[in-house]
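**Student:** sequence isn't available, so here's the structure alone:
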């Protein structure tokens, strides 16, 4: 035994036999190297990271890119149906007035001629000059040409040509109804909400204004 009751033989960590330090001591001062495994940030100017692709690592389809004036999200089938309903009511009022003035309100042939021709002229004139019919404007929609540009007279005439089917005697109404069904089905199944008439016109599209 040594003085103070400290026995070096019982402490293998202290072979010199020195008593432990007494008192409270401040932590060691100074700058110490950082822990291993952390590397300094790369030096130099690097371009910002590219925007990640949408859809599971694949580029965004051109139809959804905002690449043209007025390009936006595709108009849904429900909003387009509502817009066409508004336009149909407006044109129907004009057709009724013309039928009364000409005394042909009871003639199916005359009514079909008026409605088909006026619908065609109305849609083409409004799309080319205003970019949208009244119904589409009310519901926040517009018609764009391929790539998001302004729709041309030829493109509008092609996409609305099916409306002239009602001019055909007897079968015109049925043919027009079938055309509307085909267009609605193709719009609903298309990721860009483009119907068969848009395809015939070279890729026209109804988008949210």
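**Tutor:** Yep, that arrived. Source: prediction; values computed, not measured.
**Student:** which helix or strand in the protein has the lowest average pLDDT?
**Tutor:** helix 108-130 (a mean of 90; mean pLDDT, DSSP states H and E).
**Student:** buried stuff in stretch 117-131?
**Tutor:** 118-120, 122-124, 126-128, 131 (16 or more other C-beta atoms under 10 Å). No exception for glycine: its C-beta is placed from N, CA and C like everyone else's.
**Student:** skipping its backbone neighbours, what lies nearest residue 180 in space?
**Tutor:** Spatially, and ignoring its direct neighbours in sequence, residue 180 is nearest to residue 162 (7.8 Å; C-beta to C-beta, 6 or more residues apart in numbering).
**Student:** quick check: mean pLDDT of the helix ranked longest in the chain?
**Tutor:** Ordering each helix of the chain by length in residues (DSSP state H) puts helix 77-102 first. For helix 77-102, the mean per-residue pLDDT is 93.
**Student:** and stretch 149-167, by the same measure?
**Tutor:** pLDDT averaged over stretch 149-167 gives 95.
**Student:** need the distance between the two termini of that stretch.
**Tutor:** 31 Å (C-alpha to C-alpha, to the nearest Å).
**Student:** elements contacting the longest helix of the chain?
**Tutor:** Judged by 3 or more C-beta pairs under 8 Å, 6 or more residues apart in numbering; DSSP states H and E, the packing partners of helix 77-102 are helix 108-130, helix 134-138, strand 141-144, helix 172-189.
**Student:** please give the number of neighbouring residues around the residue lying closest to residue 104 once chain neighbours are set aside.
**Tutor:** Using C-beta to C-beta, 6+ apart and skipping residues adjacent in sequence, the residue nearest residue 104 is residue 110, 3.6 Å away. When neighbours are counted by other C-beta atoms under 10 Å, residue 110 registers 16.
**Student:** and if you look at residue 98?
**Tutor:** 17.
**Student:** ok, now how distant is it from residue 92?
**Tutor:** 11 Å (C-beta to C-beta, to the nearest Å).
**Student:** still on that earlier bit, go ahead and confirm the residue nearest to residue 180 touches residue 197.
**Tutor:** Yes: under the criterion of C-beta atoms under 8 Å, residue 162 makes contact with residue 197 at 6.1 Å.
**Student:** and the spatially closest residue to residue 204 that is not a sequence neighbour, how far is that from residue 183?
**Tutor:** Nearest residue to residue 204, sequence neighbours excluded (C-beta to C-beta, 6+ apart): residue 198, at 4.6 Å. Remark: distance between residue 198 and residue 183 (C-beta to C-beta) = 9 Å.
**Student:** brilliant, that's me finished.
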